[in-house]
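Mind looking at a prediction? Sequence and model below.
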Amino acid sequence: MKAPQRILVPTDFSQYADKALEQALLFAKQFNAQIYLLHVVQDIQQCGADYCLSEEWLNQYRLNSVNASKQKLRNEVEKYAEARGVQITADVKVGTPYEEILKEEQEKKIDLIVIASHGKTGFLQHLIGSVADRVSHGAKSQVLLVKA
């Protein structure tokens, strides 16, 4: 593996994602690489069965979720960047997490994706499948799975 210069770290703000970010920071410091920290707000369907959410409500949900996520990312960057002296660029996308992660990989010409092997758990995880698994199978760059 060549020395990575662009490292993508997807986060769901779980303790597992924090461990992946800590590992990525070690690589970034060692190789003078840049970290791209990404959170994806899971988009929801407007209609399900016989009930539909209003477009206004859906747009407000997205706006609130994106704004809250941006604040959490700012907190993450402040918490880690000052201690390590690593350049971190943070972004929030709305969509299907693994798809947005793979798009970001291509757009930013990522060398390495560092992702937690497990994220948030519970019923929702079983419905959408493992993001880390889908990313590792679909990625063009190297993927480092950090065990939780």
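Yep, that arrived. Given the structure is predicted, the values throughout are model-derived calculations rather than measurements.

So which residues of this structure form helices?
15-31, 55-84, 97-107, 123-128, 131-138 (DSSP state H).

Enumerate the beta-bridge partners assigned to the closest residue to residue 104 other than its chain neighbours.
Residue nearest to residue 104 in three dimensions, not counting chain neighbours: residue 38, with 5.4 Å by CB to CB, 6 or more residues apart in numbering. Placement of C-beta: from N, CA and C, glycine included. Listed by DSSP bridges, the beta-bridge partners for residue 38 are residue 10, residue 91.

So, low pLDDT: which residues of the chain?
Along the chain, the parts satisfying pLDDT under 70 run over 1, 49, 81-84, 119-129, 148.

which residue sits farthest out from the middle of it?
residue 50 (32.4 Å; CA atoms, centre = their mean).

What distance do you get for the residue nearest to residue 104 to residue 56?
28 Å (CB to CB, to the nearest Å).

next one: residue 16
Distance, residue 16 to residue 56, using CB to CB: 35 Å.

Tell me which of these two has more neighbours.
The neighbour comparison of residue 16 against residue 56 (other CB atoms under 10 Å) goes to residue 16, with 21 against 8.

ok, that one touching residue 114?
No - contact criterion CB atoms under 8 Å: residue 16 and residue 114 do not qualify, at 11.7 Å.

shared neighbours, the two?
residue 146 (CB atoms under 8 Å, 6 or more residues apart in numbering).

Count the neighbours of residue 51 for me.
A count of neighbours around residue 51, defined by other CB under 10 Å, yields 7.

ok, what's across the strand from it?
Beta-bridge partners recorded for residue 51 (DSSP bridges): residue 48.

So it versus residue 45, what's the distance?
The separation that residue 51 has from residue 45, given CB to CB, amounts to 10 Å.

Just give the number of residues close to residue 55.
9.

State the number of residues packed around the closest residue to it other than its chain neighbours.
Using CB to CB, 6+ apart and skipping residues adjacent in sequence, the residue nearest residue 55 is residue 46, 7.1 Å away. Around residue 46 there are 12 other residues, counting by other CB under 10 Å.
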